[in-house]
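**Q** predicted structure and sequence below. I'll ask about it afterward.
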Amino acid sequence: MSVTIEGVVGNGDTIIVNKGNTKLTIRLVCIDAPEVSHAKNKPGQAFSQKSTKHLAGLMLNKILDVKSYRPDRYGRALGEVFLDGNSINLEMVKAGLAEVYRGTPAKGQDMEPYWKAEEEARRAGKGMWVPGDKYVSPREWRKTHGN
């Protein structure tokens, strides 16, 4: 499916696209980005805003291709988003603004490029890897902050 992102990026791993007259929420498969806060006047996880802005910069007002997978347990479509044949999902990991999703991968998804990109970003201290040993994964952050 080809879509144009017209201005709605939910966070660093979720986008909302227009498909005809319908808005479709797509959870980017294979990645987990720092969490934005869903509570009023509470900060999100470190690097959450930077991750969201980076994703928006990669996608907004561009024609993208989406490889769809089954919906997740929240009813969001799981998808890998491509711009000119390059995976936006993978680009987020390379930039150090998302980590590899630690849950069960989508069926048929090749995770090797993601693990390699994460290791390279971590070694280079990019983005969310800057804190080094003090780094907290989005998954752990959700557990302690109730997101």
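**A** All right, it came through fine. Residues are numbered from 1 along each chain as shown.

**Q** so where do the strands sit in the chain?
**A** 2-4, 9-11, 14-19, 22-28, 31-32, 63-71, 77-83, 86-87, 99-100 (DSSP state E).

**Q** what's the angle from the third one to strand 22-28?
**A** So the one you mean is strand 14-19. 150 degrees (axes from the mean of the first three to the mean of the last three Cα atoms, to 10 degrees).

**Q** most tightly surrounded among the strands of the chain?
**A** strand 31-32 (a mean of 24; mean count of other Cβ atoms under 10 Å). Every C-beta, even on glycine, is put in place using the N, C-alpha and C of the backbone.

**Q** that one pairs with which strands, parallel or anti?
**A** Strand 31-32 has the following sheet partners, assigned by DSSP bridges: strand 99-100 (antiparallel).

**Q** where does the chain dip in pLDDT?
**A** Scanning the chain for pLDDT under 70 picks out 1-8, 146-147.

**Q** tell me how far the residue of it positioned farthest from its centre lies from Val130.
**A** Distance from the C-alpha centroid of the chain, by Cα atoms, centre = their mean, peaks at Asn21 (24.4 Å). Between Asn21 and Val130 the distance is 42 Å, computed by Cβ to Cβ, to the nearest Å.

**Q** roughly how far apart are the residue farthest from the centre of the chain and Val9?
**A** 20 Å.

**Q** neighbours of the closest residue to Ala124 other than its chain neighbours, just the number please.
**A** What sits nearest to Ala124 in space, not counting adjacent residues and going by Cβ to Cβ, 6 or more residues apart in numbering, is Gly96, at 7.4 Å. Residues lying near Gly96 (other Cβ atoms under 10 Å) number 23.
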